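Colleague: here is my input, please return the structure:
(one chain, ligands or ions: 1)
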Amino acid sequence: MRVDLLAGTAYNPVVMPSPVPTILVFDSGLGGLTVFSEVLKARPDARFVYAADDAGFPYGRLSEQTLVARVSTFMERLIELHQPQMVVVACNTASTLVLPHLRARFPLPFVGTVPAIKPAALATKSGKITVLATPGTVARDYTRDLIETYAAGCEVNLVGSRLLAGFAEAELTGAPVSDADLLAELRPCFVEDENGRTDVVTLSCTHYPLLLERMRRLAPWPVTWIDPAPAIARRVIQLIGQPVPGHEADENEVLAVFTEGRGLDSSLRAALREKGLPAIAIEPLPLLQTQ
Ligand code: DGL
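Modeller: Numbers count the residues shown, from 1 in each chain. This next block holds a predicted model:
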């Protein structure tokens, strides 16, 4: 692993015993930061590794077989290197497919991120809800099962966006796309007919809350937007408990790992630092040409 440290930080790859857990937060890219922020707020004492498989981004376009193999391989390396007590799979595209494989293979708790269909069905008044996700997530049996189980009485509009996750990355790196481009991706979320109109949009890709402010502003009409990150942080606390009193994490206890690190320019480094991730390492995992 190539460790690329920013000024003033020291990274020790030898895992030392600690009274607090190490929590591994995993995504294909920067979207999982929306979940990481909430989990960090809930367990500010913990050690964190934020792992982004940016060499494989976007996961939404990968075949199911490729995705299972890729996430399992990366996870094995990460678990061996960092020995986390818990893994948060902060990616709907991966969670809706890979979680059973990970749980069967590694003996530690995995918290997943899956489309918030039940909360959306509970929140809607018009009965029209939109699940905004990657093409991978909208195609999953898992997503269809959630709809059948929790939203059978609703009209569910599944929108698989090919571009939004990339737009969210661009936003975070200080190169936002135009309002017109963003609105073009959002339009299919808004359905209106003689029975009413969409009133809930569930953000079922962890990248999308990075664009939430702009989405609210551009929406053709106001809707309830569901960001599942706070619920995921609550689940983490249920499983590993409240912060350890008297222990305060310092910068050495939070590390960002990328499989490629291609976009790591000064503006992304500044954004990561602002989100609580000053130290960065590269753990190469190239995407094979055949994938
Ligand atoms: N952030 C990921 C998700 O929640 C996926 C984005 C992608 O890699 O396509 O689905």
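Colleague: touching, Ala133 and Val201? I think so.
Modeller: No. Ala133 is beyond contact range of Val201, at 10.6 Å (criterion: CB atoms under 8 Å). No exception for glycine: its C-beta is placed from N, CA and C like everyone else's.
Colleague: which one of the two has more residues nearby?
Modeller: Taking other CB atoms under 10 Å, Ala133 and Val201 do not tie; Ala133 has more neighbours (28 against 23).
Colleague: my guess is Ala51 contacts Ile23. True?
Modeller: No. Using CB under 8 Å, Ala51 is not in contact with Ile23; the gap is 11.0 Å.
Colleague: which phi and psi does the residue of the chain most remote from its centre have?
Modeller: Residue farthest from the centre of the chain, counting by CA atoms, centre = their mean, is Glu194 at 35.8 Å. Dihedral pair for Glu194: phi -60, psi -20, per degrees, to the nearest 10.
Colleague: likewise Ala121?
Modeller: phi -70, psi -30.
Colleague: ok, it - contacts?
Modeller: Contacts of Ala121 were listed using CB atoms under 8 Å, 6 or more residues apart in numbering, and they are Ile129, Tyr150, Ala151, Gly153, Cys154.
Colleague: flag the least confident of those residues.
Modeller: Within those, Gly153 has the lowest pLDDT, namely 95.
Colleague: next, count neighbours for it.
Modeller: Neighbour tally, Gly153, other CB under 10 Å: 8.
Colleague: Phe275 reaches Thr34, doesn't it?
Modeller: Not Phe; residue 275 is Lys. No. The criterion here is CB under 8 Å, and Lys275 misses it with Thr34 at 9.5 Å.
Colleague: in terms of packing, which of the two has more residues around it?
Modeller: Using other CB under 10 Å as the criterion, Lys275 and Thr34 rank with Thr34 on top: 26 against 18.
Colleague: around the ligand, which positions in this protein sit nearby?
Modeller: Within the chain, the positions near the ligand by CB under 6 Å from any ligand atom are 27-29, 31, 57-60, 91-93, 134, 137, 165, 205-207.
Colleague: one more pass at 8 Å, please.
Modeller: 27-29, 31-32, 56-61, 90-95, 113, 133-134, 136-137, 165, 204-207 (CB under 8 Å from any ligand atom).
Colleague: just checking, which of those residues belong to helices?
Modeller: If you go by DSSP state H, these have Asn92, Thr93, Ala94, Ser95, Gly136, Thr137, Ala165 in helices.
Colleague: burial measure for the second one, as a count.
Modeller: Right, Thr93. Thr93, neighbours per other CB under 10 Å, totals 32.
Colleague: what's near enough to touch it?
Modeller: Ser28, Tyr59, Gly60, Leu67, Ala133, Thr134, Gly136, Thr137, Cys205.
Colleague: is Phe48 part of a helix or strand, or is it coil?
Modeller: strand (DSSP: H, G, I helix; E, B strand; the rest coil).
Colleague: thinking it is in contact with Val257, fair?
Modeller: No. With contacts defined as CB under 8 Å, Phe48 does not count as touching Val257, sitting 10.7 Å away.
Colleague: which SSE is Ile280 in?
Modeller: strand 279-282 (DSSP states H and E).
Colleague: one step back: who has more neighbours out of Ala51 and Ile23?
Modeller: Neighbour count, other CB under 10 Å: between Ala51 and Ile23, Ala51 has more, with 28 against 25.
Colleague: looking at this, the more buried one is in a helix?
Modeller: No. Counting by three-state DSSP, Ala51 falls outside a helix, being strand.
Colleague: give me the beta-bridge partners of it?
Modeller: Phe26, Val257 (DSSP bridges).
Colleague: distance-wise, check it relative to Pro209.
Modeller: Distance, Ala51 to Pro209, using CB to CB, to the nearest Å: 19 Å.
Colleague: count the residues that sit near the residue lying closest to Gly263 once chain neighbours are set aside.
Modeller: Closest residue to Gly263 apart from its sequence neighbours, by CB to CB, 6 or more residues apart in numbering: Thr173 at 6.0 Å. Counted with other CB under 10 Å, residues neighbouring Thr173 total 17.
Colleague: still on that earlier bit, output the ones in helices among the residues of the chain next to the ligand as CSV; include the columns pLDDT.
Modeller: Listed next are these as CSV, based on pLDDT from 0 to 100:
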residue, pLDDT
Asn92, 98
Thr93, 98
Ala94, 98
Ser95, 98
Gly136, 96
Thr137, 97
Ala165, 98
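Colleague: max pairwise distance over these: which two?
Modeller: Ser95 and Ala165 (14.6 Å; CB to CB).
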